[in-house]
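1. Sharing a sequence plus its predicted fold:
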Amino acid sequence: MKEIISTGSSKILSDFLEKNALHKRDFAQMVGVTLSYVYNLIDNTIPFSTRSTTLERIATVMDVEPEIFEEYRFPQEPIIIDNSVDKIKKILKSKKIKVVDFLKSFPRNKRLEIVDILRGALPLPIDYNELKYIGEVLNLKKEDVFSIWEARFRQVLDLNGMNVYSNSDMIGKMVDCARSFVLSK
């Protein structure tokens, strides 16, 4: 006889997938789990995950706090505080773009990385082309994408030991050169 597991979190997940017309395969890929795992969660044939990374990824895709799942305990990974990621989240909200729709705009092999960026497990990339792609998905102007890149660039320099205040002239020249190059394209 099949054991029935608590349905609270499974029901939340099932309702989300149905409401957003999100295929279980796409959801599994966004969260970094197998398709059979998602089916088993929804069918209540296995307990809902207690692994905080998995629950945080599920919550990020659903654009909810992980605490809505009774199985969530506490984060096991340090959360990266990144103002650039916060800016991306604010843009999503201001443009009323659902996280799941945002994720669907990326190639399948890129979605899990974007989920991990949004949940604070990975920093926003410093690679301008990657940021440009995110900006295109969000329909941002070149200057707006560049300002996000500049903030991330300065953050990387600071985190890696450069005194951004005493080197502000040099950093300013580098940023001006990068701005001229990027905005002239």
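-> Noted; the coordinates are in hand.
2. what ranges do the helices span in the protein?
-> Using DSSP state H, the helices assigned to the chain run over residues 8-19, 24-31, 35-42, 52-62, 83-94, 99-104, 108-118, 128-137, 142-159, 168-183.
3. Go through these and pick out the most buried.
-> With neighbours taken as mean count of other C-beta atoms under 10 Å, the helices of the chain reach their highest mean count in helix 52-62, at a mean of 23. From N, CA and C alone the C-beta is placed, and that goes for glycine too.
4. could I get that one in CSV with only the CA atoms?
-> This file holds the C-alpha atoms of helix 52-62, laid out as CSV (Å, rounded to 0.1, in the frame of the first residue of the first chain):
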residue,chain,number,x,y,z
SER,A,52,17.4,24.0,2.4
THR,A,53,19.1,24.5,-0.9
THR,A,54,16.4,22.6,-2.8
LEU,A,55,13.6,24.4,-0.8
GLU,A,56,15.2,27.8,-1.4
ARG,A,57,15.4,27.1,-5.2
ILE,A,58,11.8,26.0,-5.2
ALA,A,59,10.8,29.1,-3.3
THR,A,60,12.9,31.3,-5.6
VAL,A,61,11.2,29.9,-8.7
MET,A,62,7.8,30.3,-7.0
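5. can I get the helices of the chain in a markdown table with distance to Arg73 and mean pLDDT?
-> Output for the helices of the chain, formatted as a markdown table (distance: least, C-beta to C-beta, whole Å; pLDDT from 0 to 100):
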| stretch | distance to Arg73 | mean pLDDT |
| --- | --- | --- |
| helix 8-19 | 13 | 91 |
| helix 24-31 | 18 | 95 |
| helix 35-42 | 17 | 91 |
| helix 52-62 | 6 | 91 |
| helix 83-94 | 23 | 92 |
| helix 99-104 | 23 | 95 |
| helix 108-118 | 19 | 94 |
| helix 128-137 | 31 | 94 |
| helix 142-159 | 29 | 93 |
| helix 168-183 | 42 | 94 |
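6. Pull the number of nearby residues for Leu22.
-> When neighbours are counted by other C-beta atoms under 10 Å, Leu22 registers 18.
7. separation between it and Ile58?
-> The gap separating Leu22 from Ile58 is 12 Å, by C-beta to C-beta, to the nearest Å.
8. ok, Phe153 to Val100 distance?
-> Using C-beta to C-beta, we find Phe153 at a distance of 30 Å from Val100.
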